[in-house]
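Chemist: Compute the structure for the input listed below.
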Amino acid sequence: MHHHVRRTVTFVIKLALAAAILVWLVVQARDGFAKLAERTLSWPFLGAALACSLATATLSFVRWHILIRALGIEIRLNESLRLGALGFALNFVSPGSIGGDFFKAVFLAHGQPGRRTEAVATVIADRILGLLTMLAIASCGIVATGLNHAESISLQVLCRTILISAIVGWSVFGVLIVFGGMFGNRVIGRVARLPVVGHTLQRLLGTVRVYRGRKPMLLAAFVASAMMAACFITTFWLVARGLPIHAPSWSEHVVIVPVAGLVGALPLTPSGLGTMEFAVEELYKLMPDATVSPGDGTLVALGRRVTDIVVALAGLAFYLTHRREVEEVFAEAEECADVE
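Modeler: Reported below is the predicted structural model:
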């Protein structure tokens, strides 16, 4: 009960913070909202944005499926897609710590007795892959556009931080994948003797060894991740083109969107609500020769979130066809969260 109350209070605080940020952004963007009533929207661009958002979500589920199969967990692609869709929907409606990723891990483990650690590892690997991909694309965008030499000191610091993070992140990944000897039986044996977390860490390190031996599948997952990132970025650009605003170019969105996505990934608000919108708004203003008006970034980010919500409705179909099993797994996930 104590854990449940704590999770509920934490969720309420996060929701209040998200609401406060959104209210502040909407007030700042009131002139931009007035434009929507006065000018015509470009529905072909907005329709293309919705399709691109659907492609982004689908590719993320495919990437996760590849990582699941790399660990030898038997699951059909259609099951991964349906489970991914449900997890995606839960990111919008589920309170506390029972978010979509945690639920997916528990649901996957539900059908794989004794492999909960591996199921959790697939979700962690999926997020790491997404982070590395976004850092790589953002770095390429920074170098290609020369934003690391922009006049704005804030933009210079931001760009150089991304470049350094990309170098460090990819270096660590390379060490883990190439130099597998560091996770030999002796090292894993020592880790296993650690109190409380030793057994779990032992199995997580074991999954690293498995992934290291599945390099073709890792490459396929990275290809899916790169395609997903391109669709994710393009969705923002298409929304911007569909609205009556002066938005940055697609190449500048290559920097804006990954950075805003990283800010939205911080566990400050539910699903990055408010924080991502704030990041897009501020990054729009930082772009060189920006002709954007106050609130333009907020309008684009909110429009992009609407496409996510429409796509998330697909998870409802999975819930309706597997209602009893979903409710059982959700109760199991709540028990796991209370133990943690």
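
Chemist: Give me the below-cutoff pLDDT ranges for the stretch 101-250 of the chain.
Modeler: In the predicted model of the stretch 101-250 of the chain, residues 102, 110-115, 150, 152, 179-206 satisfy pLDDT under 70.

Chemist: Run a quick neighbour tally on residue 107.
Modeler: Applying other C-beta atoms under 10 Å, we find 23 residues neighbouring residue 107. In short, each C-beta sits where N, CA and C put it, glycine included.

Chemist: secondary structure element for it?
Modeler: helix 100-110 (DSSP states H and E).

Chemist: other SSEs contacting that helix?
Modeler: Using 3 or more C-beta pairs under 8 Å, 6 or more residues apart in numbering; DSSP states H and E, the elements in contact with helix 100-110 are helix 77-93, helix 116-145, helix 323-339.

Chemist: TSV for those, including distance to residue 30 and mean neighbour count?
Modeler: Conversion of the helices and strands packed on helix 100-110 to TSV gives the following (distance: least, C-beta to C-beta, whole Å; neighbours: other C-beta atoms under 10 Å):
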stretch	distance to residue 30	mean neighbour count
helix 77-93	25	20
helix 116-145	31	20
helix 323-339	39	15
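
Chemist: Reformat these as a markdown table; add distance to residue 151.
Modeler: Converted to a markdown table, the helices and strands packed on helix 100-110 look like this (distance: least, C-beta to C-beta, whole Å):
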| stretch | distance to residue 151 |
| --- | --- |
| helix 77-93 | 38 |
| helix 116-145 | 13 |
| helix 323-339 | 47 |
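
Chemist: now for those, which one comes closest to residue 302?
Modeler: helix 77-93 (13.9 Å; C-beta to C-beta).

Chemist: so what does that closest one touch, helix or strand wise?
Modeler: The helices and strands touching helix 77-93, judged by 3+ C-beta pairs under 8 Å, 6+ apart, are helix 43-70, helix 100-110, helix 296-312, helix 314-321.

Chemist: counting contacts, what elements does the longest one pack onto?
Modeler: In this case it means helix 43-70. Here helix 43-70 touches helix 77-93, helix 116-145, helix 198-212, helix 215-242, helix 296-312, going by 3+ C-beta pairs under 8 Å, 6+ apart.

Chemist: switch the cut-off to 7 Å
Modeler: Counting contacts by 3 or more C-beta pairs under 7 Å, 6 or more residues apart in numbering; DSSP states H and E, helix 43-70 is packed against helix 77-93, helix 116-145, helix 215-242, helix 296-312.

Chemist: Counting neighbours, which bits of it end up buried?
Modeler: The neighbour-count criterion (16 or more other C-beta atoms under 10 Å) identifies 46, 48-50, 52-70 as the buried residues of helix 43-70.

Chemist: returning to that earlier point: can you redo the helices and strands packed on helix 77-93 as JSON lines, where the extra columns are distance to residue 81?
Modeler: Conversion of the helices and strands packed on helix 77-93 to JSON lines gives the following (distance: least, C-beta to C-beta, whole Å):
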{"stretch": "helix 43-70", "distance to residue 81": "5"}
{"stretch": "helix 100-110", "distance to residue 81": "12"}
{"stretch": "helix 296-312", "distance to residue 81": "12"}
{"stretch": "helix 314-321", "distance to residue 81": "9"}
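
Chemist: To residue 233, which of these lies closest?
Modeler: Within the helices and strands packed on helix 77-93, the stretch nearest residue 233 is helix 43-70; the backing value is 9.2 Å (C-beta to C-beta).

Chemist: How far off centre is that closest one?
Modeler: Computed by C-alpha atoms, centre = their mean, to the nearest Å, the separation of helix 43-70 from the middle of its chain amounts to 12 Å.

Chemist: Please apply the same query to stretch 244-260.
Modeler: 18 Å.

Chemist: Return it as CSV; C-alpha atoms alone will do.
Modeler: Listed in CSV are the C-alpha atoms of stretch 244-260, where the atom choice follows Å, rounded to 0.1, in the frame of the first residue of the first chain:
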residue,chain,number,x,y,z
PRO,A,244,0.4,28.3,-40.9
ILE,A,245,3.9,29.0,-39.5
HIS,A,246,7.4,29.7,-40.6
ALA,A,247,9.3,26.6,-39.5
PRO,A,248,12.9,25.5,-39.6
SER,A,249,14.1,23.3,-42.5
TRP,A,250,14.1,19.5,-42.4
SER,A,251,17.9,19.5,-41.8
GLU,A,252,17.5,21.7,-38.8
HIS,A,253,14.8,19.3,-37.5
VAL,A,254,17.4,16.6,-37.6
VAL,A,255,19.0,18.4,-34.7
ILE,A,256,15.8,19.8,-33.0
VAL,A,257,13.8,16.5,-32.8
PRO,A,258,16.4,14.2,-31.4
VAL,A,259,17.4,16.7,-28.7
ALA,A,260,13.7,17.4,-27.8
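
Chemist: What lies in contact with it?
Modeler: Contacts with stretch 244-260, where a contact means C-beta atoms under 7 Å, 6 or more residues apart in numbering, come from 32, 35-36, 39, 134, 137-138, 141-142, 144-145, 147, 158, 162, 232-233, 236-237, 240-241, 276, 279-280, 283-284, 287, 290-293, 296, 299-300.

Chemist: out of these, which are buried?
Modeler: Among the contacts of stretch 244-260, the ones that count as buried by 16+ other C-beta under 10 Å are 32, 35, 134, 137-138, 141-142, 145, 147, 158, 162, 232-233, 236-237, 240-241, 276, 279-280, 283-284, 287, 290, 292-293, 296, 299-300.
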